[in-house]
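Peer 1: sequence first, predicted model second:
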Amino acid sequence: MGGTELNSTLLKKGAEASLYLDKWHGRLVVLKVRLAKKYRPEQLDLTIRRYRTIHEPQLMHEAKKAGVPTPTILMVDVENSTIIMDFIEGKPVKLLLDRSSKAKRQSLCQEIGLLTAKLHDNGLIHGDLTTSNMILAKDGRVFFVDFGLGDRSQELEAKGVDLHLLKRALQSTHFKIADDCFNAFLRGYAAVSGPDKTHDVLMKVREIEKRGRYVAERQVEA
């Protein structure tokens, strides 16, 4: 870690990585440390962690170039599967939607739709598009975080999966306002991608939903 003394506070322990809050060269940072998985062969596990440690900052940089706010990457330690990035002072969108007025909520969701369309139009897929992975910063910008499952793709399927994940997250976490939020999101998405592309990706979302229902019905029948 470049000889800098770290004294970390655990922020979040996830399935793939743990997040720590720390100070690094006098600034507040977040350390994302990818954890070894004992169920994977050791060499395969190391390869996966190294790949994702390199791949995620690249995607975040490309997202920033596309006009989507992301934390600034300060250091990538491939050997220790660790990324050091700026700490974004703000609140997760997950904690804000249910507490906001209808106008503020719709404005926020529309902005999220706009940013998602910028990602997709530039061939970037978030991979875990939920309100937990968006932070409303003090300056009013919405930051997208956690690109660990992200990818580069122009495939309609990949874009549909992103929107499907967001829709499911809204329905499970913000069920009373889910439809209103998703409709506002689509207005923002269409403002960037246009009505035709938005229609196509929405049709893909519905196709994905039908697949899920079919699988669930087959499981019940079995």
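Peer 2: Alright, I've got the coordinates.
Peer 1: how many residues are close by the nearest residue to Arg50 once chain neighbours are set aside?
Peer 2: Nearest non-adjacent residue to Arg50, counting by C-beta to C-beta, 6 or more residues apart in numbering: Val78, 5.5 Å away. All C-beta spots, glycine's among them, are computed from the backbone N, C-alpha and C. When counting by other C-beta atoms under 10 Å, one arrives at 12 neighbours for Val78.
Peer 1: neighbours of Ser8, how many?
Peer 2: The criterion is other C-beta under 10 Å. On that basis, Ser8 has 16 neighbouring residues.
Peer 1: could you report the pLDDT at it?
Peer 2: The score at Ser8 is 83. That number is its pLDDT.
Peer 1: for it, give me its contacts.
Peer 2: Neighbour list for Ser8: Tyr20, Leu21, Asp22, Leu31 [criterion: C-beta atoms under 8 Å, 6 or more residues apart in numbering].
Peer 1: measure Glu56 to Val201 for me?
Peer 2: Spatial separation of Glu56 from Val201 under the definition C-beta to C-beta, to the nearest Å is 24 Å.
Peer 1: should've said Leu115
Peer 2: Distance from Leu115 to Val201, counting by C-beta to C-beta: 15 Å.
Peer 1: and whichever strand or helix holds Cys109, what other elements does it pack with?
Peer 2: For Cys109, the element it lies in under DSSP states H and E is helix 102-121. Helix 102-121 sits against strand 142-144, helix 156-173, helix 178-193, with contacts defined as 3 or more C-beta pairs under 8 Å, 6 or more residues apart in numbering; DSSP states H and E.
Peer 1: quick one: mean pLDDT over it.
Peer 2: Rounded to a whole number, the mean pLDDT of helix 102-121 is 98.
Peer 1: tell me the angle it makes with helix 178-193.
Peer 2: Interaxial angle of helix 102-121 relative to helix 178-193 (axes from the mean of the first three to the mean of the last three C-alpha atoms, to 10 degrees): 50 degrees.
Peer 1: bridging residues for the closest residue to Glu111 other than its chain neighbours?
Peer 2: The shortest distance from Glu111 to any residue that is not its chain neighbour, by C-beta to C-beta, 6+ apart, is 5.4 Å, and that residue is Val142. Beta-bridge partners of Val142, counted by DSSP bridges, are Leu136.
Peer 1: burial check on Val142, number of neighbours?
Peer 2: 18.
Peer 1: Val205 now?
Peer 2: Val205 has 20 nearby residues by other C-beta under 10 Å.
Peer 1: verify the stated contact: it with His164.
Peer 2: Yes - Val205 is in contact with His164 according to C-beta atoms under 8 Å; the separation is 5.0 Å.
Peer 1: sketch out the low-pLDDT regions of the chain for me.
Peer 2: Low-confidence segments of the chain (pLDDT under 70): 1-6, 212-222.
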